[in-house]
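Visitor: Got a predicted structure here, sequence first:
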Amino acid sequence: MRRSPRIDLAMVFVLSLSLSPPAFSRTWDVLADGTGDAPTIQAGIDSAAAGDTVLVHDGIFTGPGNRGLVFGGKAIVLRSVSGPEETVIDCEGVRLEFRHTTVTGNRAFLEGGGIHGGYYYDVPHRGRQSIVWGNCAPFAAEIYDEPWPGFVLELCDVDTSGFTGWGGICLIESICEDPLFCDPADCSNAPTVSGDYSLDAASPCLPAQTGGYRIGVYGQGCDGATGVAEGNDRPDGLFRLRAFPNPFTGEVSLRYSLPETARRPILVYDLRGRVVRTLEASGPAGVSTWDGEDESGRAVPPGVYFARIGSGPGEEIHRIMRVH
């Protein structure tokens, strides 16, 4: 008996860069029986705005609207509630193909932590300009294929040490090097929305290293000028600020470094420019945690906020997003 290819959905980041998310974000719940906020996964993606999460509940998702998913360049997160053992996208004989995707931080209890390809016809699964790295499973941590037709991966970055299957893997102008994520979460803790999957300046997935194209979803982050920093006017060696996880739910850690040992506050602003929380930073480096509450101890609503350290020349500002 032939089986259709399937994707065991744990935490799949299918995001694109967006520097202008809306003031408030929301979660779109998708249930297998169609009774959620959206009737299908695709409907949830279509309804979501930048910064939103499409949350897929337990069950087997099949049929139109649950396969051949198109994200349209939106800065959104698609993830499951309970992980790959409880959430499956059944592709029903339609070729599995993914482009400009970062698959990382997933975990399976048996095989195929990143992608699990099932029995299929004579057409291979295909991936292009995508990263499959940093997933967990006792067997075939990254990709598992059973037993046919294999994977054709073009212009990708794949950890082939975690690939096993009968169909085999064909790499076309692809690399097998650490993508150098800025602050990846441990896949043993999946599913989670933690981690910063933008790329270090030395990443082999950036256009400067590939010859002009980007592999995966995110561009340069960390202390670079794109992907993470909202804006700064600092010479090198002055204030530095990073936020993780971002977006966050319960609390966000603000990692900082100061040019001197004096204490400097980290100010958290809302979109109207009002200070909602003042945090302490003691040099030369450390981490300050914001629990999502204002100065009076009340939880602030989901939305976009800005963390700022320093003032005038040398200040740095980060955009952070609180979600449900």
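Guide: It's in.
Visitor: buried sites along stretch 183-190?
Guide: For stretch 183-190, the neighbour count (16 or more other C-beta atoms under 10 Å) marks 183, 184, 185, 187, 190 as buried. C-beta coordinates here come from the backbone N, C-alpha and C atoms, glycine included.
Visitor: For residue 205, which three-state class applies?
Guide: Local secondary structure at residue 205 is given as coil here, using DSSP: H, G, I helix; E, B strand; the rest coil.
Visitor: which residue packs closest to it, ignoring adjacent ones?
Guide: Distances taken as C-beta to C-beta, 6 or more residues apart in numbering place residue 215 nearest to residue 205, at 3.8 Å, with adjacent residues excluded.
Visitor: How about residue 127?
Guide: With sequence-adjacent residues excluded and distances taken as C-beta to C-beta, 6+ apart, residue 127 is closest to residue 153, at 4.6 Å.
Visitor: So which bits of stretch 169-184 are buried?
Guide: Neighbour counts using 16+ other C-beta under 10 Å place 169, 171, 174, 175, 179, 180, 181, 182, 183, 184 of stretch 169-184 among the buried residues.
Visitor: and the fifth one, that one's in a helix?
Guide: No: under three-state DSSP, residue 179 falls outside any helix and is assigned coil.
Visitor: beta partners of the nearest residue to residue 240 once chain neighbours are set aside?
Guide: If the residues on either side of it in the chain are set aside, residue 240 comes closest to residue 257, at 4.5 Å by C-beta to C-beta, 6+ apart. Note on residue 257: beta-bridge partners residue 240, residue 285, judged by DSSP bridges.
Visitor: Quick check: residue 257 touching residue 285?
Guide: Yes: using C-beta atoms under 8 Å, residue 257 makes contact with residue 285 at a distance of 4.2 Å.
Visitor: and residue 277, how many residues sit next to it?
Guide: Neighbour count for residue 277, taken as other C-beta atoms under 10 Å: 20.
Visitor: quick one: the residue lying closest to residue 87 once chain neighbours are set aside from residue 221, how far?
Guide: Counting by C-beta to C-beta, 6+ apart, the nearest residue to residue 87 once its immediate chain neighbours are dropped is residue 80, at 3.7 Å. Look at residue 80 and residue 221: by C-beta to C-beta, to the nearest Å, they are 25 Å apart.
Visitor: for residue 42, same thing?
Guide: Shown here: residue 42 relative to residue 221, a distance of 29 Å by C-beta to C-beta.
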